[in-house]
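In: Structure of the sequence below:
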Amino acid sequence: MKRIGILGGTFDPPHLGHLLIAEEVRVKLDLTEIWFIPTYTPPHKDNAKTDASHRINMLEIAIANNPYFKINTIEIEREGKSYTIDTITALGEDYPDYQFYFIIGADMVEYLPHWERIDELVQLIQFVGVKREGYKLETKYPVIEVDIPSIDISSSMLRKRLRSNQPVKYIVLDEVYRYIREMGLYEN
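Out: Coordinates of the predicted model:
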């Protein structure tokens, strides 16, 4: 039985925080792989700032050196707003013998009561919560808590730094930064 960790998000752009979370959860829970699932349009946020093809390209660059990391484009292919219940239902049909672990930050753990069809969703997957500054990992839903080194990076902070020409070294991989510059992403 393959045990698959799922890390969803806009990845706009992907940064070292995403990679650290994925690797720490993979190792601590002995998962077979981590699947990065970029959203087309997340239900709780505005549209992504960057086209899906660029976000996929940046993710491919970011995960290239880790054989346990894969990209699944199910939500990009579906287009529109993506609800986790729809994604997990489809993955369960495509991979009936896999066990899925959905990785979320503590901010999303607090938001779980508002997730689409949450009571149904918790029957289909195991949630994995990672700590995030300013949030508690408290919920009535079953969540495995994984301690990871604290790294307070967000894609919005990274975009802001890129727009104002502040350094982003050690926040984003050099290869991803090169791609961002070559494609003229996140400029004013």
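
In: Name the helix or strand of the chain that has the lowest mean pLDDT.
Out: helix 106-111 (a mean of 85; mean pLDDT, DSSP states H and E).

In: Distance-wise, check the closest residue to residue 85 other than its chain neighbours relative to residue 175.
Out: Residue nearest to residue 85 in three dimensions, not counting chain neighbours: residue 117, with 4.5 Å by CB to CB, 6 or more residues apart in numbering. C-beta coordinates here come from the backbone N, C-alpha and C atoms, glycine included. According to CB to CB, to the nearest Å, residue 117 and residue 175 sit 38 Å apart.

In: And the strands in the protein?
Out: 3-9, 33-38, 69-71, 99-105, 126-130, 143-146 (DSSP state E).

In: quick one: the third one to chain centroid distance?
Out: Averaged C-alpha coordinates place strand 69-71 at 11 Å from its chain's average position (CA atoms, centre = their mean, to the nearest Å).

In: Tell me the helices and strands packed up against it.
Out: strand 33-38, helix 52-63 (3 or more CB pairs under 8 Å, 6 or more residues apart in numbering; DSSP states H and E).

In: Quick one: closest of the ones you listed to residue 8.
Out: With CB to CB, the closest approach to residue 8 among the helices and strands packed on strand 69-71 belongs to strand 33-38: 4.5 Å.

In: per-residue confidence averaged over that closest one?
Out: Averaged across strand 33-38, the pLDDT comes to 97.

In: In the sheet, which strands lie alongside that strand, parallel or antiparallel?
Out: strand 3-9 (parallel), strand 69-71 (parallel) (DSSP bridges).

In: List the contacts of that strand.
Out: 2, 4-11, 14, 18, 22-23, 25-26, 52, 55-56, 59, 63, 68-76, 87, 103 (CB atoms under 8 Å, 6 or more residues apart in numbering).
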